[in-house]
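Colleague: Take a look and give me a structure for this.
(one chain, ligands or ions: 2)
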Amino acid sequence: MDDVYQLEIPTPFDVGRVNCYGFTQGGLTLIDPGPSTEQAYEELSAGLEAHGSTVADVDRILITHPHMDHFGLASRIVDESGARTVAHRDATKILTDPVAHFEQEQTFFRPFLQAMGVPEQTAQTAVGLPEAYTDYQEALAIDRELSDGDSIDIGVDLQTVPTPGHAPGSVCFIRETDAVAFTGDHVLADISPNPLLTLAPGTEDERTRSLPTYLDSLNRIRETPAEIGHAGHGPVISDLDSRVQEIIDHHQQRKERIANLIEEMGSPTAYDIMQEMFPDLPATETFPGMSEVIGHLDLLEDEDRVDIRERDGVRKYTID
Ligand SMILES: [Zn+2]
Ligand SMILES: [Zn+2]
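Modeller: Ligands and ions are numbered 1, 2, ... in the order given. Modelled structure (predicted):
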């Protein structure tokens, strides 16, 4: 990868640094510049300078998915460089107005979580984020919206593979010449990406079925010629296929564990299952925890293995 370099940009989040990739063929292209913080900006500038460029030289910014640790800083770079921005069309609405999207999510998910058994106060905390979160991202206008299967010429052809699941509008960029994939958070070396529940693209009253969608997307990346993964966080994935298989196996096991729990517990709510699986989870972690459990319940539902009954507005699961 002589013509690509990696900059590890700091984030204020638990995940640690985010990987930004710089391509120098055909102008300067960045994948995922990082969050909107002063420290991220300074380290990005210093990193670019070490490679003989400045922020003003950036020609294009590619966004793998609409999470603020990846795209938050892009708007400031566009202001200084006039760079063109590229993202999947399903990510555009979130990128162009992340705060409105967040507020729509709060409106939808607060009652949804309650219907899944979460107590009212916990549901309230679960959909809230510290105010400061809105400081780490700035709205980003997208110049080119990618559709499934598009390729982009950045001096070398990058093939776009749509990989929704971890986030709507997630894409991997594949460089076929050396079988390399830039995977964003779709596949990571050390972490099993959380298929977070969110609003389905273009809707305000329908959630994604994130985990079934995510597993489909894992199979999709396996069908590409990519062998090596450069991820949004952490080290390089030297064997992309076997890492994908590991993640699939992990979800398979967890799904069976949840099926067993439902059987043992009788007719639990999703929240009952989450508490059994992750006791003492802080209320602020309820949303990712519930996303994980509901994702597996969706898989069991797709396999016709569970019955869902709603009583007094609360959904309970039993094994069929
Ligand atoms: Zn992410
Ligand atoms: Zn991330």
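
Colleague: interface residues of the stretch 51-200 of the chain facing ligand 1?
Modeller: For the stretch 51-200 of the chain, the residues in contact with ligand 1 (CB under 5 Å from the ion) are His67, Asp185. C-beta here means a position set from N, CA and C on the backbone, and glycine is covered the same way.

Colleague: Show me the helices in the stretch 51-200 of the chain, by range?
Modeller: 68-71, 74-81, 89-96, 98-115, 120-127 (DSSP state H, counting those that start in this stretch).

Colleague: right, and those - which one's nearest ligand 2?
Modeller: Between ligand 2 and the helices of the stretch 51-200 of the chain, the shortest separation by CB to the ion is 4.5 Å, and it involves helix 68-71.

Colleague: Dump that closest one to CSV, restricted to CA.
Modeller: In CSV, the C-alpha atoms belonging to helix 68-71 read as follows (Å, rounded to 0.1, in the frame of the first residue of the first chain):
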residue,chain,number,x,y,z
MET,A,68,-19.4,10.9,14.5
ASP,A,69,-16.0,9.4,15.3
HIS,A,70,-15.6,8.9,11.5
PHE,A,71,-17.2,11.9,9.8
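
Colleague: now that helix, how far from the centre of its chain.
Modeller: Relative to the chain's own centre, helix 68-71 is displaced by 10 Å; criterion: CA atoms, centre = their mean, to the nearest Å.

Colleague: So for that helix, mean pLDDT?
Modeller: Model confidence over helix 68-71 averages 96 on the pLDDT scale.

Colleague: what does it contact?
Modeller: Where contact means CB atoms under 8 Å, 6 or more residues apart in numbering, the residues beyond helix 68-71 that reach it are 11, 13, 15, 18, 32-36, 63-64, 87, 95, 98, 133, 136-137, 140, 184-185, 232.

Colleague: 6 Å instead, please
Modeller: Contact partners of helix 68-71, identified using CB atoms under 6 Å, 6 or more residues apart in numbering, comprise Thr11, Phe13, Val18, Asp32, Pro35, Ile63, Thr64, Tyr136, Gln137, Leu140.

Colleague: these two touch, right, the third one and Ser36?
Modeller: Looking back up the chat, that one is Val18. No - taking contact to mean CB atoms under 6 Å, the distance of 12.0 Å between Val18 and Ser36 leaves them out of contact.

Colleague: Have a look at these two and say which one is more surrounded.
Modeller: More neighbours sit around Val18 than around the other of Val18 and Ser36, counting by other CB atoms under 10 Å; the figures are 29 against 21.

Colleague: Quickly list what the more buried one is bridged to.
Modeller: According to DSSP bridges, the residues that bridge with Val18 are Ile9.

Colleague: ok, the nearest residue to His186 once chain neighbours are set aside - contacts?
Modeller: Closest residue in space to His186, ignoring its immediate chain neighbours: Thr163 at 4.3 Å, by CB to CB, 6 or more residues apart in numbering. Residues touching Thr163, when contacts are defined by CB under 6 Å, 6+ apart, comprise Ser170, Cys172, His186, Ser217.

Colleague: Repeat that for Glu227.
Modeller: Applying CB under 6 Å, 6+ apart, we find Glu227 in contact with Ala179, Leu240.

Colleague: ok, now Phe173?
Modeller: The contact partners of Phe173, by CB under 6 Å, 6+ apart, come to Leu158, Phe182.

Colleague: State the number of residues packed around the residue of the stretch 101-250 of the chain found nearest ligand 2.
Modeller: Scanning the stretch 101-250 of the chain for proximity to ligand 2 using CB to the ion identifies Asp185 as nearest, at 4.3 Å. If you count neighbours by other CB under 10 Å, Asp185 ends up with 24.

Colleague: And for the one 10 residues further on?
Modeller: Residues contacting Pro195 under the criterion other CB under 10 Å number 27.

Colleague: Next one, pLDDT for it please.
Modeller: 91.

Colleague: ok, it touching Pro164?
Modeller: No - in this structure Pro195 lies outside contact range of Pro164 using CB under 6 Å: 9.2 Å.
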